[in-house]
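*Asks:* 3D model of this:
(one chain, ligands or ions: 2)
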Amino acid sequence: MAPRPSLASHLKARDLAPVFARHGRVHIPGAFDDAFARHMHQALSEATPWRRSLAVGGRYLDLGEEEFAALGPDNLAALEKASREEGHNAFRYAFDAYRVSDHMEAGQPRGHAAEDLWRFVNSDAFLGFIRELTGEPACAYADAQGTRYRKGDFLSAHDDKAEGKDRLFAFVMNFTPIWRADWGGLLLFLDADGHVAEGYTPAFNALNLFRVPQKHAVTQVTDLAGAACRYAVTGWIRSRPPEGVSP
Ligand SMILES: O=C(O)CCC(=O)C(=O)O
Ligand SMILES: [Fe+2]
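*Replies:* Ligands and ions are numbered 1, 2, ... in the order given. Reported below is the predicted structural model:
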């Protein structure tokens, strides 16, 4: 039987609440039962049909493997040219995504391990933990997507605010067994002066939680990462589920 998701028994929301109240974010190492974390890494690294997610040249692309391959070098070169021309202030990203909530909200589960995690983040066990940790009783729904960042991938600075999505908090669960800060892929929080207020290395089995809106970015994965991939499941805690969805 596949390991089921559960929070590590030593975690106490009330112990973490003062940190969250002070900073609007918290890094929680060893968040899940270890067997589940290893199971998630295996599913993300071996059994996930990733889609290429790109914001480039003012366009937002979401391409299956074949569609991405069919783009061809000319189109890719045109996109890269457009992205160079759009300047430094544009919101840009390049990573791979597996949109679990899209499947679940449409009532079309595919049997992926991340679906158990989607069910778990929508359980009273998890939402109750987040309510107690944040002091926010309105936490009602969590969406989720798997992500993979490979060499060169990144997510530029943004604050997660999205009209009509009722986002209260963002979460990131890291599932890469070995990672080093000098490989990039760091989750940075930026202050009003553009300085790095805090940075989280994607440590295996850590749960990061932060208030929305809040300026943050994922730094580009460097050459030093070699073939290593940064795997995570990320999403937002919302004050209500999307229309017609009751997880
Ligand atoms: O993967 C991360 O650490 C953060 C992801 C993020 O900020 C986002 O998806 O909006
Ligand atoms: Fe974000």
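
*Asks:* what residues does this structure put near ligand 1?
*Replies:* Residues of the chain lying near ligand 1 by CB under 6 Å from any ligand atom: 147, 155, 160, 172, 187, 216, 218, 232, 234. For the C-beta atoms, the positions are set from N, CA and C on the backbone; glycine is no exception.

*Asks:* One more pass at 5 Å, please.
*Replies:* Within the chain, the positions near ligand 1 by CB under 5 Å from any ligand atom are 172, 187, 218, 232, 234.

*Asks:* Leaving aside the residues adjacent along the chain, what's closest to the most centrally placed residue in the chain?
*Replies:* Closest residue to the average C-alpha location of the chain: Thr234 at 2.5 Å, with CA atoms, centre = their mean. Leaving aside its sequence neighbours, Thr234 sits nearest to Val172 (CB to CB, 6 or more residues apart in numbering; 4.7 Å).

*Asks:* What strand or helix carries that neighbour?
*Replies:* strand 167-174 (DSSP states H and E).

*Asks:* Who are the packing partners of that strand?
*Replies:* Applying 3 or more CB pairs under 8 Å, 6 or more residues apart in numbering; DSSP states H and E, one finds that strand 167-174 contacts helix 124-134, strand 207-211, strand 230-238.

*Asks:* May I see the ones you listed arranged in TSV, with mean pLDDT as well?
*Replies:* Shown next, in TSV, are these (pLDDT from 0 to 100):
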stretch	mean pLDDT
helix 124-134	98
strand 207-211	98
strand 230-238	98
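
*Asks:* Can you tell me what sits against the least confident helix or strand in the chain by mean pLDDT?
*Replies:* Lowest on mean pLDDT, DSSP states H and E among the helices and strands of the chain sits helix 65-85, with a mean of 83. For helix 65-85, contacts defined as CB atoms under 8 Å, 6 or more residues apart in numbering pick out 49-52, 54, 56-59, 63, 90, 92.
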